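Participant: I would like the atomic coordinates for the input below:
(2 chains)
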Amino acid sequence: MNNRLIIAKKEFQDIFRSKIFSTILVLLLTLTATSILVSTFIFKSQVSQYESSLALLQSIGKMPTEAAPQLFPLNLLRGVVDYIEIIGAIIGILLGYLSIAKEKKTKTLKLLLSRPITKMDITIGKIMGHFLFVSIMILSVAAIILASFLAIGGITLTTVEYYKLAIFVMLSILYIMVFFTLSFFLSVQQKSLSNALTICFVIWLVFVLVLPQIGDTMDPDNQVPGGFFKSMGFDKPQEEAVMAKFSNYETTRDHIEQLSVTKHYERTGFALFGIKKTYNDMMLLEILKEKWFDIVFLFTLFIIGIFSDVYILYKDKQFISS
Amino acid sequence: MLSFSIAKNEIRHLLRERTFFLILSVFILITLASTYIGWSSQHTIESVYQESAILLTAAGQNVPPSPFSNLPTLDIVKNMIIYIVLIGSLLAITVGHSIGTKDQKAGVVRILFSKPVTKKDVLIGKVTSLMLVLFAIMIVSLGISIASIAMLSEIHSAMFLQLIGFYGISFLYILGFGLLGLAFGLMKRESATALLIPVIIWIVITFALPEMGSALYPTSSLNPILPQTNILDSPVLSTIHNILYPFSISEHYKLLSSAILALQGTESVVSVTYSPIMNMFILTIWLILTLAVSIYAMSKFDISRGDVYE
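Facilitator: Residues are numbered from 1 along each chain as shown, chains lettered A, B, ... in the order given. This next block holds a predicted model:
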């Protein structure tokens, strides 16, 4: 157990020395703050638009049919979910790659294994060190979120909102670690590190960007700016009544999206933050009950990743002797 | 002549790389799939409209005119704009990176420059090979798009010209990223760093600038139909938009492509937009700048340099 902790500590220290990593981390934190700022301005713009419409309607003796925009602070975090989806996955890939690249470059693995340390110790130690680092990183993002809320208008969260943020932090760590284990696996398995990195980027491209994009563009409601059903003046039950006749198409679209780990993470994140408006009025437990499959999916992928990393390190003799 | 030999050698080497073929396959597959996805979505949404109209008529309500009645035939290839932004750009970065780091990885930099070869010859050779490879990829994509449109719908000479124009613009757009991959491949000693820096620039151009400048959330900007964002109602957002918009290369590319393909509903929801000529001008500046970065990288390239680290 001690060996694993020592390796974890060493991994953790090594990450701080990587310039690329600090650059990407700064980028993620900056984009988090910027995204909240942009969302706040959009919300303020909606409020002022509503107020001017209200004044106009009142001047002609009418009352508005729509309710005033209501601020749910977590709604402002849509961009943050998007950025963790995209940049968080790259950070995971980069960490997995660097963790193996340094061993290949310095040829230290053989030396390490001449000590009373097992391959299991090495894999678990590396995963633990990076898990800790990713946790600190995502907690920094959460800190930036809270600081931005305070800075833009003294917004404080309720206890339930803190719980939601905490669950989101845990899911984000899992999501990034899925990509870490993938990159770790490929960096050991591939002869060339550049090849491993490029393959990781291709997987990232397909599962993080392309599959969710295909699902989104197949959505009938996304075919008109502002939403097709809104343009038809439909409410939710009417929309559902129409879409019930296209269940096969919707099932295919859903299956395409479900192939992507990112979509599982996004669906849970959007539900927790109420970005899909229907979740704003739901209890936290109800949301978790509805999203259990997405959460279990992420967790399962992470576990599979750990086992695959242990397996490849035991199997790949070439890496050890390189 | 020397540059020609270098270009030939670079292309030969690239064709032996498995990772190049991996990304190329993804790109070709998605080109094949994109027309079908566009066609299938278009047919489904037309049926959804018909069903909606029946429901409204039954309820005695007015039926709004179909927003899809006058869609151009080329609407079915609109997803290709997004795939060029996503996959085409990354493919170009990989090709540029591979060409930029090849000699260093093989440890032949000193041998190469011990011959009567100048840095200019090498740069011209590398840029030529990059251009030829990306051009060939665009030609293949053009062929696939034409064939798939002809199979699923109809195609005539005007559309043919529109598609040539679209893939021509796409070539210029991805060439910029290829040149960045090449430049950082020449500049950086570590292969991973050389690959990651252009990827970071790509993230900023593709996701961060459209969000900061036009209030488009990263994943929303990947849908050819843009969401409604009335940013001009906010003086702050409007000011940020005016400052950042000229630098938002991906938005200019998307707008110009939509204009060439005569697509509807893909135009920016922001009312302060530029004319297609201005979009083209900005794309040209982008290309000149990335070429300048490549020239700078080659001018600073250490010809006594040894191997590049993986």
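
Participant: quick one: contacts for residue A:280?
Facilitator: Counting by Cβ atoms under 8 Å, 6 or more residues apart in numbering or on different chains, residue A:280 touches A:72, A:75, A:274. In short, each C-beta sits where N, CA and C put it, glycine included.

Participant: taking these one by one, which sit in helices?
Facilitator: Judged by DSSP state H, helices contain none of these.

Participant: can I get those in JSON lines including pLDDT and neighbour count?
Facilitator: Listed next are these as JSON lines, based on pLDDT from 0 to 100; neighbours: other Cβ atoms under 10 Å in any protein chain shown:
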{"residue": "A:72", "pLDDT": "81", "neighbour count": "17"}
{"residue": "A:75", "pLDDT": "85", "neighbour count": "18"}
{"residue": "A:274", "pLDDT": "90", "neighbour count": "21"}
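
Participant: nearest spatial neighbour of residue A:132, skipping sequence neighbours?
Facilitator: residue A:12 (5.8 Å; Cβ to Cβ, 6 or more residues apart in numbering or on different chains).

Participant: do the helix or strand containing residue A:22 and chain B meet at all?
Facilitator: Residue A:22 is located in helix A:19-59, with elements delineated by DSSP states H and E. Yes - applying Cβ under 8 Å from any Cβ of the partner chain, one finds that helix A:19-59 is in contact with chain B at A:19-20, A:23-24, A:27, A:31, A:34-35, A:38, A:41-42, A:44-45, A:48-49.

Participant: from the residues you listed, pick the one nearest residue A:92.
Facilitator: Nearest to residue A:92 among those, counting by Cβ to Cβ, is residue A:24 at 10.8 Å.

Participant: what sits against that closest one?
Facilitator: Shown in contact with residue A:24 (Cβ under 8 Å, 6+ apart): A:87, A:90-91, A:94, B:196, B:200.

Participant: ditto for residue B:56
Facilitator: A:232, B:62-63.

Participant: get me the contact residues on the stretch 51-200 of chain B for chain A.
Facilitator: Within the stretch 51-200 of chain B, the positions near chain A by Cβ under 8 Å from any Cβ are B:51-52, B:55-56, B:61, B:64, B:67-68, B:79, B:82-83, B:86-87, B:90, B:94, B:101, B:105, B:191-193, B:195-196, B:199-200.

Participant: rewinding a little: are any of the residues of helix A:19-59 next to chain B buried, and which?
Facilitator: A:20, A:24, A:27, A:31, A:34-35, A:38, A:41-42, A:44-45 (16 or more other Cβ atoms under 10 Å in any protein chain shown).

Participant: turn the residues you listed into JSON lines, columns for pLDDT.
Facilitator: Shown next, in JSON lines, are those (pLDDT from 0 to 100):
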{"residue": "A:20", "pLDDT": "76"}
{"residue": "A:24", "pLDDT": "79"}
{"residue": "A:27", "pLDDT": "85"}
{"residue": "A:31", "pLDDT": "87"}
{"residue": "A:34", "pLDDT": "86"}
{"residue": "A:35", "pLDDT": "85"}
{"residue": "A:38", "pLDDT": "81"}
{"residue": "A:41", "pLDDT": "79"}
{"residue": "A:42", "pLDDT": "78"}
{"residue": "A:44", "pLDDT": "76"}
{"residue": "A:45", "pLDDT": "74"}
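
Participant: residue A:129: what's it in contact with?
Facilitator: If you count contacts by Cβ under 8 Å, 6+ apart, then residue A:129 has A:7-12, A:15 around it.

Participant: just to revisit the earlier point, wait, which of the residues of helix A:19-59 next to chain B is closest to residue B:41?
Facilitator: Using Cβ to Cβ, those come closest to residue B:41 at residue A:42, 27.5 Å.

Participant: go ahead and confirm the closest one touches residue B:217.
Facilitator: No - using Cβ atoms under 8 Å as the test, residue A:42 is too far from residue B:217 to be in contact (9.7 Å).

Participant: neighbours of residue B:70, how many?
Facilitator: 9 (other Cβ atoms under 10 Å in any protein chain shown).

Participant: again, but for residue B:27
Facilitator: Taking other Cβ under 10 Å as the criterion, the count of residues near residue B:27 is 21.

Participant: chain neighbours aside, what residue packs nearest to it?
Facilitator: residue B:87 (4.9 Å).

Participant: roughly how far apart are that neighbour and residue B:93?
Facilitator: The spacing between residue B:87 and residue B:93, counted by Cβ to Cβ, to the nearest Å, is 11 Å.

Participant: the two: who's more crowded?
Facilitator: Between residue B:87 and residue B:93, counted using other Cβ under 10 Å, the more crowded position is residue B:93 (30 against 24).

Participant: hang on, isn't that one packed against residue B:181?
Facilitator: Yes - counting by Cβ under 8 Å, residue B:93 touches residue B:181, with 4.0 Å between them.

Participant: shared neighbours of the two, which are they?
Facilitator: B:195, B:198.

Participant: next up, the contacts around residue A:199.
Facilitator: Going by Cβ under 8 Å, 6+ apart, residue A:199 touches A:186, A:190, B:19, B:22.

Participant: give the burial count for the first one, as a bare number.
Facilitator: Close neighbours of residue A:186, defined as other Cβ under 10 Å, add up to 23.

Participant: could you say which helix or strand holds it?
Facilitator: Applying DSSP H and E as the criterion places residue A:186 in helix A:159-189.

Participant: on that earlier part again, any chance of the buried ones among the residues of helix A:19-59 next to chain B in CSV, with distance to residue B:110 too?
Facilitator: Below are these laid out as CSV (distance: Cβ to Cβ, whole Å):
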residue, distance to residue B:110
A:20, 27
A:24, 33
A:27, 36
A:31, 42
A:34, 45
A:35, 47
A:38, 50
A:41, 55
A:42, 56
A:44, 61
A:45, 60
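
Participant: how about the contacts made by residue 11?
Facilitator: Using chain A. By Cβ under 8 Å, 6+ apart, the residues touching residue A:11 are A:99, A:125-126, A:128-130, A:133.

Participant: wait, I meant chain B there
Facilitator: Residue B:11 touches B:129, B:132-133, counting by Cβ under 8 Å, 6+ apart.

Participant: and it, how far from chain A?
Facilitator: Between residue B:11 and chain A the computed distance is 18 Å (Cβ to the nearest Cβ, to the nearest Å).

Participant: so that residue is in which element?
Facilitator: Here residue B:11, judged by DSSP H and E, is contained in helix B:2-15.

Participant: determine how far the following helix or strand past that helix lies from the middle of the whole chain.
Facilitator: Sequence order places helix B:18-58 as the next helix or strand after helix B:2-15, per DSSP H and E. Relative to its chain's centre, helix B:18-58 lies at 20 Å (Cα atoms, centre = their mean, to the nearest Å).
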